[in-house]
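S.K.: No sequence on hand, only this structure:
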Ligand SMILES: Cc1cc2nc3c(=O)[nH]c(=O)nc-3n(C[C@H](O)[C@H](O)[C@H](O)COP(=O)(O)OP(=O)(O)OC[C@H]3O[C@@H](n4cnc5c(N)ncnc54)[C@H](O)[C@@H]3O)c2cc1C
């Protein structure tokens with residue numbers, strides 16, 4: 001497979017940097033080719049604005065989503081966006097490596113979602129299981145603070161991890177048609193022994209990436225006007 005690894009951490013020597021290197025190593029060992037988008041190293045612009053387009057359809061008033069559609073049709077995205085979209089087109093699998101910051105990905109990755117996964121490119125007219133990236137897969141590899149997951153869950157102060165990740169996994173990745181594999185999540189503060197266990201579990205996952213279970217998000221046909229049909233209608 002062609003794997004695109006999107007890395008969003010400012011420090012190459014961090015735990016996230018180590019997990020990025022482990023992924024490259026394991027994926028190459030089992031014969032995959034790996035493209036890396038190291039967003040901080042690339043100095044990737046996190047902010048979506050009019051400078052994302054070589055020309056504007058309407059320079060009097062910016063309508064970002066309409067300009068995305070226009071740029072996609074006319075090939076007028078700036079080089080930074082074009083190059084990322086070319087990598088996505090080549091990729092069979094997109095792997096994201098990032099730390100949890102304020103229960104979200106770092107802003108630089110949010111910027112990548114805003115600017116690269118544009119209207120007309122990754123979605124539109126189809127969305128969710130009809131999105132334009134249908135046929136490709138993706139997975140999040142995340143580190144959290146703390147030494148375990150005791151803050152999470154039904155009664156956890158931070159809420160359920162799957163709810164926190166819904167915004168990225170369902171509303172961004174699945175929205176564009178990607179099949180989303182169950183995430184790998186590692187608490188960064190665990191002791192050395194536990195940390196090594198997580199790392200070896202991650203290595204195993206990377207070796208078997210193609211066969212890992214996909215999260216069974218519902219198809220668009222289960223909804224009507226954005227609402228889940230009643231169980232008897234599904
Ligand atoms: C702005 C901000 C907001 C945050 N919000 C949240 C939040 O909402 N929820 C939450 O859970 N956390 C939050 N955090 C904490 C954050 O998730 C952690 O700081 C981050 O996940 C740690 O990852 P790191 O790569 O920076 O780890 P590092 O600090 O680099 O390393 C963590 C540990 O791993 C060890 N390590 C480093 N490299 C290796 C290696 N190669 N092999 C083995 N061990 C290694 C280090 O010695 C260290 O003990 C936030 C942090 C910031 C800065």
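M.R.: Structure's in. What do you need? Not measured: the values here are computed from a predicted model.

S.K.: buried set for the strand or helix carrying residue 69?
M.R.: According to DSSP states H and E, residue 69 maps onto helix 64-74. Neighbour counts over helix 64-74 (16 or more other Cβ atoms under 10 Å) mark 67-72 as buried. For the C-beta atoms, the positions are set from N, CA and C on the backbone; glycine is no exception.

S.K.: Next, give me the two most distant ones among these.
M.R.: The span of the buried residues of helix 64-74, defined through Cβ to Cβ, is set by 67 and 72 at 9.5 Å.

S.K.: still on that earlier bit, helices or strands next to whichever helix or strand comes after the helix holding residue 69 in the packing?
M.R.: Note on helix 64-74: by DSSP H and E, the next helix or strand toward the C-terminus is helix 79-90. Judged by 3 or more Cβ pairs under 8 Å, 6 or more residues apart in numbering; DSSP states H and E, the packing partners of helix 79-90 are strand 2-7, strand 33-38, helix 107-116.

S.K.: So the closest residue to residue 170 other than its chain neighbours: helix, strand or coil?
M.R.: Of all residues not flanking residue 170 in the chain, residue 217 sits nearest, at 5.9 Å (Cβ to Cβ, 6 or more residues apart in numbering). Each residue gets one of three states, and residue 217 gets coil by DSSP: H, G, I helix; E, B strand; the rest coil.

S.K.: Need the pLDDT of residue 233.
M.R.: Turning to residue 233, the model gives it a pLDDT of 54.

S.K.: next one: residue 97
M.R.: pLDDT, residue 97: 99.

S.K.: pLDDT of stretch 46-59, averaged?
M.R.: 98.

S.K.: So, low pLDDT: which residues of this structure?
M.R.: 231-234 (pLDDT under 70).

S.K.: now what about the strand or helix carrying residue 22, what contacts it?
M.R.: Taking DSSP H and E as the definition, residue 22 sits inside helix 15-29. Contacts with helix 15-29, where a contact means Cβ atoms under 8 Å, 6 or more residues apart in numbering, come from 3, 5, 7, 9, 11, 34, 36, 38, 95, 97-99, 141, 143, 186, 188, 199, 202-203, 206-207, 209.
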